[in-house]
Each structure stands twice: as C-alpha cells, then as structure tokens.
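# have a look at this fold, sequence not included:
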C-alpha cells in the first residue's frame, strides 16, 4: 500500500512538530516493510530536517487556490458544490497521480474537508478541549471548531489513531465511532532526532555556562501548561533561602505576560524564558538539567515523561495524568505550589530515589513495545482493507 503522511506543522511548532516527525519515523519503521511511505510537506524549512533523518520527503506547493478551496470546504454547502465541480486541491491531485492509497494526518487538519477521492487516516491526539471553560486558549469558538472537525473526520476516515485507551473510549461514546476503526498507539520518542555537532556543543557550553543545576520545563507558554504553579513554588523556595534556576522553553502563546507580571510583583529571581529552542539546543538543555518539571493540566499522557526517562533525568510530574506510574517520578498536585516546592527540595537534597530512574526506563520500554504492537495491528487492518 502507498501511504502519504501530510506534515503541515512548522519545525518551530515545538512538541507538535516533534510528535509528527516521530510518528512518521515510527510508521516507516514498523509499516515500511510492507508499505511504501512518503512524507509530503509544503514547508521548505521542514525538508532539511526530514532528509537529515533519512525520511523520504516530497515538497509540494500549497497555492492560494488550495487555501481558498480548503477554507470553503469547511462549510458543507461549499463541499457539495466543489465536489460536483470536481475541484481538487493540489496535494490530492499529486497523491492520486502517484497512485497513493491513503493519506495519514498526524494531527488535526482542515485539509481533510477538501479531500474528495482519496482515503485518509485521522490521528486524534486529545480531547482536552472539553475543558474549554477553564483555559483562555480554549474558547467557545475553538471548542465548536474542534467538535465539528472531529465529528467529520472520525466519520469519514478509513481508520483512526489515538494514543490512549481512555481517548478511544471517549471517541466511541461521544462521537459514536466504531471501535474497530480506532487504533491505540502510544506516543513514542524520536531517538535519532539530534546529530552531534562539536562546534554547536561548544557554543551551547558558552551560552549556558552560568546555568547550573537548573530545573527545566519543556513546554510552550499556554495557560493550561500551568507555569504559574512553578513560579509560586519558586517564591516559596526563595523565601526558604534556596537559589534555584528554572528554564521555560517554547513560544509565547499569549500567557507569558501573566507570568512576567507575577515574577515582577513577587520579585522572583532566576526564571529564564528561552523562547523556541531548536532540536539540538533542546537536546543540550535536557541533558544538562537537574530535573524536568511537568505541571500541565492536559493529558491523559504526554511526550515529556518519555523524553525524561530516555534522558534518565529526575521527573516532577502531574499526578492526575495517567501515563506516569507510581515510583517512576515524584508525583505532585499541580494546583499546590507546596507540593511542587517539596519535590524540588527532595531532588536538591538528593532524596530522589534511584529506582525512579530505573522504573522510568522500564516503563519507557513497555510503552515502546505497546507502540510496536499498535502499529502491527494497524498494518494488519491496512492489509485486510487493501485485499
């Protein structure tokens, strides 16, 4: 079977881009022997990264005509008209000319609305928009947008992928989707994302030479990422006489000003906002961190726990998320800054249990096996559908 993976996320998209590239790598790894898999992207900046990873990639043009068709196709009336007129977006023409059997969307996409003839596989990452009344980034408009896209995509898709059995159950119950159409494939980490560059390592050593024993939160600056509880914990630690540095990476998604205001009001020191970190720099900051903190409210599972276990670093993690079992991290109450500060003190005072690292590595291996099993099951369904 010929499978196309459509990569629409920019390389500066942080975790979203990492997830999509990792998913492409895993599909090639596990499905590549019996299928021909190629990534298609309209973003030239992605091409170099993908080719460095030796992932077959084709760059195509997303013309103004395509953008108009996709925008119109969101509306049912225009979808009907465009289908009657046999209007096709460029990527669908290219895929049909290449005799592609199915297109895989590693994340949500309006492009799905504009497809007329080619089958697709939809990857639904989470259903956290159901918490739309709590967080500023999930407005009522965003909630309605996601619901419309998910109902349409799950119904029209050939197959669907999600990363957790809880999400599968929610899809079945809420979107009335056939269980046989849903494949659970857990997140994976990209092992070969970084290439060693001695000159860059020297540059990073110089850039971060003043940063020692820092705690790292790898997340974009959204409200639901809950950086604020870390700032409140930093305030407690500062009052207790601890001099601890915190690095927050990722783009500002409109929430940074709230954090900066809190920092100024409470005279909190040693908070460093790096902005977007390229992959090799992210690798460096991970490797040289004292520990990783993850206080996000969104789940039910994340890439950060897997990445931390791969780097063999101590992990402070939201106990309400389901992917981090007891004795693989210090599990904290994400609403309680004392819970966070106590966890940080435990790590500073070397009370982080060695078995947490060992158990984390074991959990990572278990998830990798579940990941492989998920792709094996998906491949069986694809073979069945093709025949």
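Structure's in. What do you need? The shown structure was predicted, so the numbers you read here are calculated from the model rather than taken from an experiment.
# how about the strands in the chain?
Assigned strands in the chain, in chain order: 2-6, 36-41, 57-59, 102-105, 119-123, 159-162, 182-184, 215-218, 246-249, 271-275, 291-294, 315-318, 330-332 (criterion: DSSP state E).
# columns mean pLDDT and distance to residue 139 on top of the ones you listed, output as a markdown table?
Every residue, glycine included, has its C-beta placed from N, CA and C. A markdown table is the format used below for these (pLDDT from 0 to 100; distance: least, Cβ to Cβ, whole Å):
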| stretch | mean pLDDT | distance to residue 139 |
| --- | --- | --- |
| strand 2-6 | 96 | 26 |
| strand 36-41 | 95 | 29 |
| strand 57-59 | 94 | 34 |
| strand 102-105 | 97 | 23 |
| strand 119-123 | 97 | 23 |
| strand 159-162 | 97 | 24 |
| strand 182-184 | 96 | 28 |
| strand 215-218 | 96 | 25 |
| strand 246-249 | 95 | 24 |
| strand 271-275 | 92 | 25 |
| strand 291-294 | 97 | 25 |
| strand 315-318 | 96 | 23 |
| strand 330-332 | 96 | 29 |
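# would TSV of those with distance to residue 65 and mean neighbour count be doable?
Shown next, in TSV, are the strands of the chain (distance: least, Cβ to Cβ, whole Å; neighbours: other Cβ atoms under 10 Å):
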stretch	distance to residue 65	mean neighbour count
strand 2-6	18	21
strand 36-41	17	20
strand 57-59	18	16
strand 102-105	19	23
strand 119-123	21	22
strand 159-162	29	22
strand 182-184	34	20
strand 215-218	38	25
strand 246-249	37	22
strand 271-275	34	15
strand 291-294	42	26
strand 315-318	45	25
strand 330-332	51	23
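# domain ranges for this protein?
Using automatic domain parsing, the domain parsing of the chain gives 2-191+367-386, 198-365.
# what residue ranges in the stretch 201-350 of the chain score low on pLDDT?
For the stretch 201-350 of the chain, applying pLDDT under 70 flags the ranges 201-202.
# switch the cut-off to 90
Confidence mapping of the stretch 201-350 of the chain against pLDDT under 90 gives the ranges 201-213, 250, 254, 276-284, 299-303, 320-326.
# for residue 147, which of the strands of the chain is the nearest?
Closest to residue 147 of the strands of the chain is strand 119-123 (Cβ to Cβ; 14.3 Å).
# got a list of contacts for that closest one?
Strand 119-123 has contacts (Cβ atoms under 8 Å, 6 or more residues apart in numbering) with 23, 101-107, 112, 153-154, 156-162.
# not counting residues beside it along the chain, what's closest to residue 166?
residue 300 (5.2 Å; Cβ to Cβ, 6 or more residues apart in numbering).
# ok, that neighbour to residue 23 distance?
Distance, residue 300 to residue 23, using Cβ to Cβ, to the nearest Å: 18 Å.
# those two: which has the busier surroundings?
Legend: neighbour count by other Cβ atoms under 10 Å for residue 300 and residue 23, higher for residue 23 (24 against 17).
# I'd assumed residue 55 was in contact with that one.
No. Using Cβ atoms under 8 Å, residue 23 makes no contact with residue 55, being 11.0 Å away.
# give me the phi and psi angles of the residue nearest to residue 166.
When read as degrees, to the nearest 10, the backbone of residue 300 gives phi -80, psi -10.
# hang on, isn't it packed against residue 324?
No. Counting by Cβ under 8 Å, residue 300 sits too far from residue 324 to count as a contact (10.3 Å).
# what sits closest to residue 327 if chain neighbours are left out?
Nearest to residue 327 is residue 359, by Cβ to Cβ, 6+ apart, at 5.1 Å.
# now do the contacts for that neighbour.
325, 327-328.
# what's the spacing between it and residue 325?
According to Cβ to Cβ, residue 359 and residue 325 sit 7 Å apart.
# next: residue 55.
Counting by Cβ to Cβ - residue 55 and residue 325 are separated by 32 Å.
# and the two? which has more neighbours close in?
Higher neighbour count among residue 55 and residue 325: residue 55, with 19 against 14, using other Cβ under 10 Å.
# pretty sure that one contacts residue 41?
No. Using Cβ under 8 Å, residue 55 is not in contact with residue 41, being 10.2 Å away.
# run a quick neighbour tally on the residue lying closest to residue 360 once chain neighbours are set aside.
Residue nearest to residue 360 in three dimensions, not counting chain neighbours: residue 309, with 3.7 Å by Cβ to Cβ, 6+ apart. By other Cβ under 10 Å, 26 other residues sit near residue 309.
# roughly how far apart are residue 309 and residue 364?
Between residue 309 and residue 364 the distance is 4 Å, computed by Cβ to Cβ.
# check residue 358 too.
For residue 358, the distance to residue 364 equals 11 Å [Cβ to Cβ].
# could you check which of those two has the larger neighbour count?
Neighbours per residue (other Cβ under 10 Å) separate residue 358 from residue 364, with residue 364 holding more: 20 against 14.
# can you pull the contacts of that one?
Contact analysis of residue 364 by Cβ under 8 Å, 6+ apart lists 189, 306, 309-310.
# change it to 10 Å
Shown in contact with residue 364 (Cβ atoms under 10 Å, 6 or more residues apart in numbering): 188-189, 305-310, 312, 328.
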